[in-house]
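Undergrad: coords please:
(2 chains)
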Amino acid sequence: MTQAPPSQTTYPVIRNIGLDGMLVTFSDQLGEPSNRAALAFHAALAGALGDGVGETSTSLASAFVRFDPLRLPHADLHARLAEILQRRDWTLAPLPPGRTLWRVPCVYGTDLAPQLAEAADAAGLSEAAAIDTLGQTRVRVLAIGFAPGQPYLGPLGAEWNLPRLTALQQVPSGALVQAISQFVLFTAPAPTGWRHVGQTAFRCFRRHADVPIPLTPGDEMVFEPVSRADFIRIRDADDTGAGGAISEVIAS
Amino acid sequence: MSGLVVHRIGPVATLQDKGRPGYLKQGLSCGGGADRQALAEGAALLGQDAGLAALEMAGTGGEFEATGDLRIALTGAPMVASIDGAGVAWNASHLLQTGQRLSIGAAKAGVYGYLHLGGGIEAEVFLGARSTHLLAGIGGMVQAGDRLMCGKGAGGPAGLVLDVADRFRGGTVRVVPSVQTELFARDVLDRFVATGFKRGPRANRMGVEMLSDGAGFTAAGQLNILSEMIVPGDIQMTGDGLPFVLLPECQTTGGYPRIATVIPCDLPIVAQAPAGAPIRFEFVTLEKALAAERTYETALKGLRGACRPLIRDVADIGDLLSYQLVSGAISAHWDDHRNEHLDKDEVS
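TA: Residues are numbered from 1 along each chain as shown, chains lettered A, B, ... in the order given. Next up, the predicted model:
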């Protein structure tokens, strides 16, 4: 069982992950079409798999199914997934309906997000131009992972394809950090090699709220620039974790 | 309501149940007891649902005082345990009367010992579970001064014991290939299965480090792998190819390559391996892995039937004259069914 044939994987591909997981992967690279394919395919799984399925999820370019292999044989699940896969070219599929757009007040730069200037410089922009582009870009929740509710957001323009830093620094909860044409919005304080460009009062995991994890993959976010003073006012007045965010359903 | 006051407690003691399945897509791993088998064993000994919460104690237990009459069961890593100074059996259920002191010491083998209460331990249900998830900041460590209260339906049998195979000293665990197994060269995979690992010092509810002599186990292009779903049991190669076996409280996605996945029924062996314990990994076919799971599931279903009366050998009972016999242990609010058990079990 230790044979490892050289990998010439063609995508999409259905593979086992562990004994009780199956993964449908659309690419081994991050890209908008493969992420959209994963989200659209995942949406098509709802109600289509029957008994023996525990839960489904997505990562950046894959859809995941956890199942009970003693109730639902691997071959049966594989066949069902293959049938759904063949229905269409999922990289051309529209995003699923029922997604939410979140407009989140964000202070860029200042002492609250001290690496904006450095990031703008690396992107070849002035600070003002950097705030303009970052603050207007509508990014998608590509995946949620690492910590509860913590989104990977993108894509940002090519000028933001900046490498991670080798030196890690601590950022607070609600920090908007940037690297490799993506944002991450941190759930909890953590060390990171991504640049801390913005600060929000948005809490990705709200332990005592009716909806503890507000974000879902496929949602979209805009981090709208506010002044440092406005941000402080919003943060200090907020007891919900929303951080002044306004949400609306995206019309499909 | 009966319960326990915690007078002293080890450094990592948390409430655990089967965890919170269903939130993977929102970044929350299932979590739950590190040794699911121990949770099932405790439930069988107390004749109750295996989804109730128990106290998981890493390495060492604590000192508890009963605030009312209650039933307890002790499972998982065997620890030295006594009630009012008299030693009591592990993998067994016992009665505790108001004011009695339960003392649980260090693990004799294994890592995670479990203290179950009749009716389960009461706690707020959050997203369908009572378990603490340290990584997510749900719940926290149990502290001295805390009270562990019995949930509803606290009555039932006690004085039962289970024969449990030793899973507390490491051993060979079965693995299946996973999506990234093919990124590892043949000779690296061969060396991986030929290597005798030792459980390293870094271990918690998220994962367990495996040490070996010689080079690490690295994959082709391992720094450029797209973050992908993680499942408990995944053997993740960090940094220079140092394996970590991931447990139920692991992160939901990750970019380090995974060489294989430990099958669910063997994961308690990894979780319970104490530092320095030997571990080997053996690839098995899907068919063999499923057969092992089926056998395991059947065994779990049979746990209740496998419980037998706890009979202490008189030769082992140094304190026979002070031994608490059943006549003093009946309290009105327990149901008759339990009393039947008691009469039969402890007096026989």
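Undergrad: going forward, measure contacts between C-alpha atoms and count neighbours the same way
TA: OK.
Undergrad: which parts of the stretch 101-250 of chain B sit against chain A?
TA: B:135-136, B:138, B:176-179, B:181-186, B:189-190, B:225-229, B:231, B:233-234 (C-alpha under 8 Å from any C-alpha of the partner chain).
Undergrad: Just the buried residues of the longest strand seen in chain A, please?
TA: Counting residues, the longest strand in chain A under DSSP state E turns out to be strand A:100-108. Neighbour counts over strand A:100-108 (16 or more other C-alpha atoms under 10 Å in any protein chain shown) mark A:100-108 as buried.
Undergrad: hmm, back to that, buried members of the residues of the stretch 101-250 of chain B next to chain A into ChimeraX, please.
TA: Filtering those down to the buried ones (16+ other C-alpha under 10 Å) takes a single ChimeraX command:
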select /B:135,136,176,177,178,179,181,182,183,184,185,186,189,225,226,227,228,229,231,233,234
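Undergrad: just checking, which of the residues of the stretch 101-250 of chain B next to chain A belong to helices?
TA: B:186, B:189-190 (DSSP state H).
Undergrad: low pLDDT regions in the stretch 101-250 of chain B?
TA: Residues of the stretch 101-250 of chain B that meet the criterion pLDDT under 70 lie in B:223.
Undergrad: And the strands in it?
TA: For the stretch 101-250 of chain B, the strands defined by DSSP state E, counting those that start in this stretch cover B:101-107, B:112-117, B:147-149, B:160-161, B:171-176, B:197-203, B:207-211, B:228-229, B:234-238, B:242-246.
Undergrad: so how far is the helix or strand following the last one from its chain's centroid?
TA: Spelled out, it's strand B:242-246. The helix or strand immediately downstream of strand B:242-246 is strand B:253-254, counting by DSSP states H and E. In terms of C-alpha atoms, centre = their mean, to the nearest Å, the centre of strand B:253-254 is set 24 Å apart from its chain centre.
Undergrad: ditto for stretch A:57-75
TA: Worked out by C-alpha atoms, centre = their mean, stretch A:57-75 lies 20 Å from the chain centre.
Undergrad: Report the rounded mean pLDDT for that stretch.
TA: Averaged across stretch A:57-75, the pLDDT comes to 97.
Undergrad: what about it, start to end distance?
TA: End-to-end distance for stretch A:57-75, by C-alpha to C-alpha, to the nearest Å: 20 Å.
Undergrad: same thing with stretch B:201-219?
TA: 24 Å.
Undergrad: Then stretch B:114-126?
TA: 21 Å.
Undergrad: Tell me which residues of that stretch come out buried.
TA: B:114-123.
Undergrad: Which one of those is nearest to chain A?
TA: Lowest distance from chain A to those (C-alpha to the nearest C-alpha) belongs to B:Ala123, with 14.6 Å.
Undergrad: quick one: that closest one and B:Thr132 touch, right?
TA: No. Between B:Ala123 and B:Thr132 there is no contact under C-alpha atoms under 8 Å: 10.0 Å.
Undergrad: Find the least confident helix or strand in chain A, judged by mean pLDDT.
TA: Lowest on mean pLDDT, DSSP states H and E among the helices and strands of chain A sits strand A:190-192, with a mean of 87.
Undergrad: chain center to that strand, what's the gap?
TA: That offset, for strand A:190-192, works out to 17 Å (C-alpha atoms, centre = their mean).
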